[in-house]
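**Q** Quick one, what's the 3D model for this:
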Amino acid sequence: MTWVYLWKGSISMTRSLLAAVLVAPALLLAAPATAAPSAVPAAPVAAAEDATGTYYKLGQPTRFLDTRTTNTPGKARTPLKRNSPTALKVTGRAGVPTSGVSAVVVNLTAVNTTSQGYFTLYPSDMSRPTASTINFPKGWIGANMATVPVGTDGKIKVWNYGGDSHAVLDVLGWYAADDTGRDTTEAMGAQFYPVEPTRLYDSRAENDPFYSGDAVSIEVDWTDDETPGDENDQVTAYVVNITAVDATREGVFTAWSGAGSKPTASNVNYEPGIIAPNMAVVPVQRTENGATIRVDNVSSGRVHMVVDIVGVYATDRVTGMRYRKTPDAPVRILDTRSGKGLNGAFGHRAQRLLQAPASVLGSDSALLVANITGVEPTRRTYLTVWDGVETRPSTSNLNVHPGLVRAASTYAPLDLSNRTKIYNDAGSMHVVMDVVGTFEVYDGGTAALRGSSEKAVQPQQFEAGSTDVTATRD
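**A** Just a heads-up that it's a prediction; the model follows:
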């Protein structure tokens, strides 16, 4: 039994994309799930009374830090030094309010790394934790999305454990710490709704790779005639995994709404011979038949693109999921190298249950907001994280290559005993997980299912409507 898929709609493809995807080569990128997402009954179209834990997107991803330019606090054009923290003000800038901010959602990129190492993002008012946000080898460019709790002074810190390396940080949005965000924005934030992981686009399906300047616009129509309201108007952002496959040269993908000017930001940095995935929270624009995002490519070579949706943020709904910051986050709950959480490396096609400790959980936790890292992989492989109740999804959370350490942002579903399951597809690999928060089930201020005596009862399902996906190459 599982019940965390709160958004609705079966997803059908236009242009025969779905049938082609099912026979596309896996290339170590797990194939998509195609079953229709299930959901709890649609919420009444009415805003909840408190914005705490809701998400506010920025209009476009906004660059807050770039050590290669003058956009660095007091250190213009200076890379981050080894074993050195850099404090960065994130509140009171570019649409992030001066107060009432629990955490920011960012995309962190390591650039021109001079040795193997990692960056750690953490609140400015706590000691550096035992955690990592992005791991990198020498001479690498790569990115990872992260949710970062904000210090009481409105700052976060970037710690560099490695040689001198440049860092780029783009802010995507923020979570409300309390209800004051409504006073600043004059609007209620969005709640999160997981969607059964589903492939929206795969350029391999029609053998149509991307070259520099190519882009794709992906429109999803969420309309369901059996429920009230316009679901397309309620959606504010998609949570997607975007993956670069078979790149012949270095390049970047930029995901955005497609409205206005393209932002100076990147979501996926890729290189030849490496499968490069990254999670992204992408604002949508309302289009004629749905809610649309756009992904642009910049590269002197060619590359294939895969886009999987894992969730949406939506407004004007009473029930949903809201972010709760874990005390002293980030907190390491799994390190198979030391026996923390689970002992010993994951073997070939091993799947193991991880018990989330009570210290990181709220009363109604449904998902862990986490960073998962693969260490010392012996083969090209991938990790899949799910609640372990239903059949394992045929999607991946992290793709890794032998000899490399890779990390990925993950929303890890929990079963009713607060466990999450992790699968390793090939070879042997150690796994690390750091938690920065949870998504809590919110029911308009009343007791949510997980916190009530009825938490073990399967919630009522309904017949989902038809949801169409249209992918248009530009």
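**Q** Residue 399 and residue 365: what is the separation?
**A** Residue 399 sits at a distance of 27 Å from residue 365 (criterion: C-beta to C-beta, to the nearest Å). (Glycine included, C-beta is placed from N, CA and C.)
**Q** Sorry, slip of the keys, the one I care about is residue 425.
**A** Distance of residue 425 to residue 365, given as C-beta to C-beta: 27 Å.
**Q** In CSV, list the C-alpha atoms belonging to the helix or strand where residue 181 lies.
**A** Residue 181 is part of helix 180-185 when elements are defined by DSSP states H and E. Only the C-alpha atoms of helix 180-185 are listed here, as CSV (Å, rounded to 0.1, in the frame of the first residue of the first chain):
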residue,chain,number,x,y,z
THR,A,180,4.5,36.5,7.3
GLY,A,181,5.3,35.6,3.7
ARG,A,182,1.7,36.4,2.8
ASP,A,183,2.2,39.9,4.1
THR,A,184,5.2,40.3,1.8
THR,A,185,3.9,38.6,-1.3
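**Q** Now that helix: buried residues?
**A** If you call a residue buried by 16 or more other C-beta atoms under 10 Å, then helix 180-185 has these buried ones: 180-182, 184.
**Q** One more: stretch 148-160?
**A** 148-151, 154-160.
**Q** Next, please give the residue ranges for the strands of the stretch 1-150 of the chain.
**A** Here the stretch 1-150 of the chain has its strands, by DSSP state E, counting those that start in this stretch, at 10-13, 55-66, 84-89, 101-111, 117-123, 134-136, 142-149.
**Q** In terms of secondary structure, what does the fifth one contact?
**A** Under the contact criterion of 3 or more C-beta pairs under 8 Å, 6 or more residues apart in numbering; DSSP states H and E, the helices and strands touching strand 117-123 comprise strand 101-111, strand 134-136, strand 142-149, strand 155-161.
**Q** Show me which residues of that strand are buried.
**A** Of the residues in strand 117-123, those buried under the neighbour-count criterion (16+ other C-beta under 10 Å) are 117-123.
**Q** which residues sit against it?
**A** Under the contact criterion C-beta atoms under 8 Å, 6 or more residues apart in numbering, strand 117-123 has outside partners 80, 82, 106, 108, 110, 128-129, 131-136, 146, 148-151, 155-163, 165, 167, 329-330, 405, 407.
**Q** Equivalent analysis for the third one, please.
**A** Judged by C-beta under 8 Å, 6+ apart, the contacts made with strand 84-89 from elsewhere in the structure are 64-65, 72-73, 75, 80, 124, 128, 154-160, 167, 169.
**Q** Now do the contacts for residue 62.
**A** Residue 62 is in contact with 93-95, 170-171, 263, 265, counting by C-beta under 8 Å, 6+ apart.
**Q** will you turn those residues into TSV that also has distance to residue 318?
**A** Conversion of those to TSV gives the following (distance: C-beta to C-beta, whole Å):
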residue	distance to residue 318
93	32
94	30
95	26
170	32
171	28
263	32
265	33
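**Q** From those, list just the buried residues.
**A** With burial judged by 16+ other C-beta under 10 Å, the buried subset of the contacts of residue 62 is 95, 170-171, 263, 265.
**Q** If we only consider those residues, which is nearest to residue 439?
**A** Checking the buried ones among the contacts of residue 62 against residue 439 by C-beta to C-beta gives residue 171 as the nearest, at 19.9 Å.
**Q** chain center to the helix or strand encompassing that closest one: distance?
**A** Here residue 171 is covered by strand 166-176, with elements defined by DSSP H and E. Using C-alpha atoms, centre = their mean, to the nearest Å, the mean C-alpha position of strand 166-176 is found 13 Å from that of the whole chain.
**Q** One more: stretch 128-135?
**A** Centre-to-centre, stretch 128-135 and its host chain are 17 Å apart (C-alpha atoms, centre = their mean).
**Q** Would you mind checking the average pLDDT for that stretch?
**A** Along stretch 128-135, the predicted confidence averages to a pLDDT of 95.
**Q** Quick one: end-to-end distance for that stretch.
**A** Start-to-end span of stretch 128-135 (C-alpha to C-alpha, to the nearest Å) is 16 Å.
**Q** Name the residues that touch it?
**A** Stretch 128-135 is contacted by residues 85, 108-110, 117-122, 142-144, 146, 157, 159, 161, 328-332, 371, 373, 405-407, 432, 434 when judged by C-beta under 8 Å, 6+ apart.
**Q** Quick check on the residues you listed: which are buried?
**A** Neighbour counting with 16+ other C-beta under 10 Å marks 108-110, 117-122, 142-144, 146, 157, 159, 161, 329-332, 371, 373, 405-407, 432, 434 as buried within the contacts of stretch 128-135.
**Q** just to revisit the earlier point, just the closest of the buried residues of strand 117-123 to residue 195, please.
**A** Out of the buried residues of strand 117-123, the one with the shortest distance to residue 195 is residue 121. That distance is 26.4 Å, counting by C-beta to C-beta.
**Q** Check which helices and strands the lengthiest strand in the chain sits against.
**A** For the chain, the strand reaching the highest residue count under DSSP state E is reported as strand 430-443. For strand 430-443, the packing partners by 3+ C-beta pairs under 8 Å, 6+ apart come out as strand 142-149, strand 319-325, strand 331-335, strand 365-375, strand 406-413.
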